[in-house]
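[1] Dropping the sequence and predicted coords here.
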Amino acid sequence: MNKNILNFILTIVLAYLLALVLPWWSVMVASFVTALLIPLKRFSVFFTPFLAILLFWFCYSFILSSANDFLLAKKIAALLPLGGNPYLLMLVSGIVGGLAAGISAILGKQIQMIFIVI
(Lines give C-alpha, C1' and ligand atoms only; values in the text may rest on other atoms or scores of the structure.)
Protein backbone atom coordinates (compact mmCIF):
# COMPACT_ATOMS: atom_id res chain seq x y z
CA MET A 1 0.00 0.00 0.00
CA ASN A 2 1.16 3.52 -0.76
CA LYS A 3 2.68 5.38 2.21
CA ASN A 4 0.37 8.35 1.68
CA ILE A 5 -2.75 6.19 1.80
CA LEU A 6 -1.45 4.25 4.80
CA ASN A 7 -0.64 7.49 6.64
CA PHE A 8 -4.07 8.91 5.73
CA ILE A 9 -5.95 5.87 7.06
CA LEU A 10 -3.79 5.48 10.17
CA THR A 11 -4.17 9.18 11.01
CA ILE A 12 -7.97 8.96 10.82
CA VAL A 13 -8.14 5.75 12.87
CA LEU A 14 -5.74 7.02 15.51
CA ALA A 15 -7.49 10.41 15.66
CA TYR A 16 -10.84 8.71 16.17
CA LEU A 17 -9.54 6.48 18.95
CA LEU A 18 -7.82 9.36 20.70
CA ALA A 19 -10.86 11.63 20.28
CA LEU A 20 -12.83 9.22 22.43
CA VAL A 21 -10.69 10.00 25.48
CA LEU A 22 -8.79 13.24 24.76
CA PRO A 23 -9.86 16.78 23.83
CA TRP A 24 -9.61 18.44 20.43
CA TRP A 25 -5.80 18.43 20.35
CA SER A 26 -5.77 14.64 20.06
CA VAL A 27 -5.64 15.08 16.27
CA MET A 28 -2.25 16.70 16.72
CA VAL A 29 -1.01 13.68 18.66
CA ALA A 30 -2.35 11.35 15.97
CA SER A 31 -0.67 13.18 13.10
CA PHE A 32 2.57 13.54 15.09
CA VAL A 33 2.72 9.80 15.78
CA THR A 34 1.89 8.81 12.20
CA ALA A 35 4.52 11.22 10.89
CA LEU A 36 7.08 9.53 13.14
CA LEU A 37 6.04 6.01 12.13
CA ILE A 38 5.43 6.47 8.40
CA PRO A 39 7.98 8.72 6.71
CA LEU A 40 6.53 10.90 3.97
CA LYS A 41 8.31 13.25 1.59
CA ARG A 42 7.93 16.88 0.67
CA PHE A 43 4.44 18.35 0.60
CA SER A 44 2.69 15.14 1.55
CA VAL A 45 4.07 15.48 5.10
CA PHE A 46 1.66 18.40 5.60
CA PHE A 47 -1.16 17.69 3.19
CA THR A 48 -1.85 14.02 3.98
CA PRO A 49 -2.66 14.62 7.69
CA PHE A 50 -4.33 17.92 6.76
CA LEU A 51 -6.79 16.20 4.43
CA ALA A 52 -7.26 13.24 6.79
CA ILE A 53 -8.25 15.42 9.75
CA LEU A 54 -10.30 17.77 7.58
CA LEU A 55 -12.33 14.79 6.41
CA PHE A 56 -12.48 13.28 9.91
CA TRP A 57 -13.66 16.47 11.64
CA PHE A 58 -16.16 17.29 8.91
CA CYS A 59 -17.70 13.81 9.05
CA TYR A 60 -17.55 13.63 12.86
CA SER A 61 -19.22 17.03 13.29
CA PHE A 62 -21.81 16.11 10.67
CA ILE A 63 -22.70 12.92 12.55
CA LEU A 64 -22.87 14.71 15.89
CA SER A 65 -24.88 17.64 14.52
CA SER A 66 -27.33 15.55 12.53
CA ALA A 67 -28.52 13.98 15.79
CA ASN A 68 -30.12 17.28 16.80
CA ASP A 69 -31.04 18.55 13.33
CA PHE A 70 -28.01 20.91 13.24
CA LEU A 71 -29.59 23.13 15.90
CA LEU A 72 -26.38 24.13 17.72
CA ALA A 73 -24.36 24.32 14.51
CA LYS A 74 -26.88 26.76 13.01
CA LYS A 75 -26.72 28.96 16.11
CA ILE A 76 -22.93 29.03 16.15
CA ALA A 77 -22.82 29.64 12.39
CA ALA A 78 -25.13 32.62 12.93
CA LEU A 79 -22.64 34.09 15.41
CA LEU A 80 -19.80 33.86 12.90
CA PRO A 81 -19.82 35.52 9.48
CA LEU A 82 -21.00 32.30 7.82
CA GLY A 83 -24.57 33.30 7.06
CA GLY A 84 -25.98 30.67 9.42
CA ASN A 85 -24.75 27.82 7.21
CA PRO A 86 -23.88 24.83 9.45
CA TYR A 87 -22.05 23.00 6.65
CA LEU A 88 -19.72 25.93 6.17
CA LEU A 89 -19.07 25.90 9.92
CA MET A 90 -18.15 22.22 9.69
CA LEU A 91 -15.79 22.96 6.81
CA VAL A 92 -14.12 25.81 8.71
CA SER A 93 -13.67 23.63 11.79
CA GLY A 94 -12.24 20.87 9.58
CA ILE A 95 -9.75 23.32 8.07
CA VAL A 96 -8.66 24.49 11.52
CA GLY A 97 -8.18 20.89 12.66
CA GLY A 98 -6.37 20.08 9.44
CA LEU A 99 -3.96 22.98 9.91
CA ALA A 100 -3.21 21.83 13.46
CA ALA A 101 -2.64 18.26 12.26
CA GLY A 102 -0.46 19.32 9.34
CA ILE A 103 1.78 21.47 11.49
CA SER A 104 2.04 18.69 14.05
CA ALA A 105 3.02 16.24 11.31
CA ILE A 106 5.77 18.60 10.14
CA LEU A 107 7.10 18.65 13.70
CA GLY A 108 6.97 14.86 13.80
CA LYS A 109 8.89 14.62 10.53
CA GLN A 110 11.56 17.04 11.73
CA ILE A 111 12.00 15.16 15.00
CA GLN A 112 12.27 11.94 13.00
CA MET A 113 14.98 13.51 10.85
CA ILE A 114 16.89 14.63 13.94
CA PHE A 115 16.81 11.41 15.97
CA ILE A 116 16.53 8.65 13.36
CA VAL A 117 19.48 8.22 11.07
CA ILE A 118 18.27 7.30 7.61
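    Thanks, I have the structure now. Numbering: from 1, shown residues only.

[2] going forward, measure contacts and count neighbours with C-alpha atoms only.
    Will do.

[3] any weak-confidence spans in the protein?
    Within the chain, the ranges that satisfy pLDDT under 70 run 117-118.

[4] Next, name the residue at the spatial heart of it.
    Nearest residue to the geometric centre of the chain (C-alpha atoms, centre = their mean): residue 53, 2.0 Å.

[5] in which helix or strand would I find that residue?
    helix 44-66 (DSSP states H and E).

[6] ok, residues contacting that helix?
    If you take C-alpha atoms under 8 Å, 6 or more residues apart in numbering as the criterion, helix 44-66 is touched by 4, 7-9, 11-12, 15-16, 27, 31, 35, 39, 71-73, 87, 90-91, 93-103, 105-106, 109.

[7] Can you point out the buried residues in stretch 69-77?
    Residues 70, 73-74, 77 are the ones in stretch 69-77 that count as buried (16 or more other C-alpha atoms under 10 Å).

[8] burial count for residue 29?
    Residues contacting residue 29 under the criterion other C-alpha atoms under 10 Å number 21.

[9] my bad, residue 68
    For residue 68, the neighbour count with other C-alpha under 10 Å is 10.

[10] Same check on residue 98?
    Neighbour count of residue 98, defined by other C-alpha under 10 Å: 27.

[11] Summarise which helices and strands the helix or strand where it lies is packed against.
    Assessed by DSSP H and E, residue 98 sits inside helix 86-115. If contacts are counted by 3 or more C-alpha pairs under 8 Å, 6 or more residues apart in numbering; DSSP states H and E, helix 86-115 sits against helix 26-37, helix 44-66, helix 71-79.
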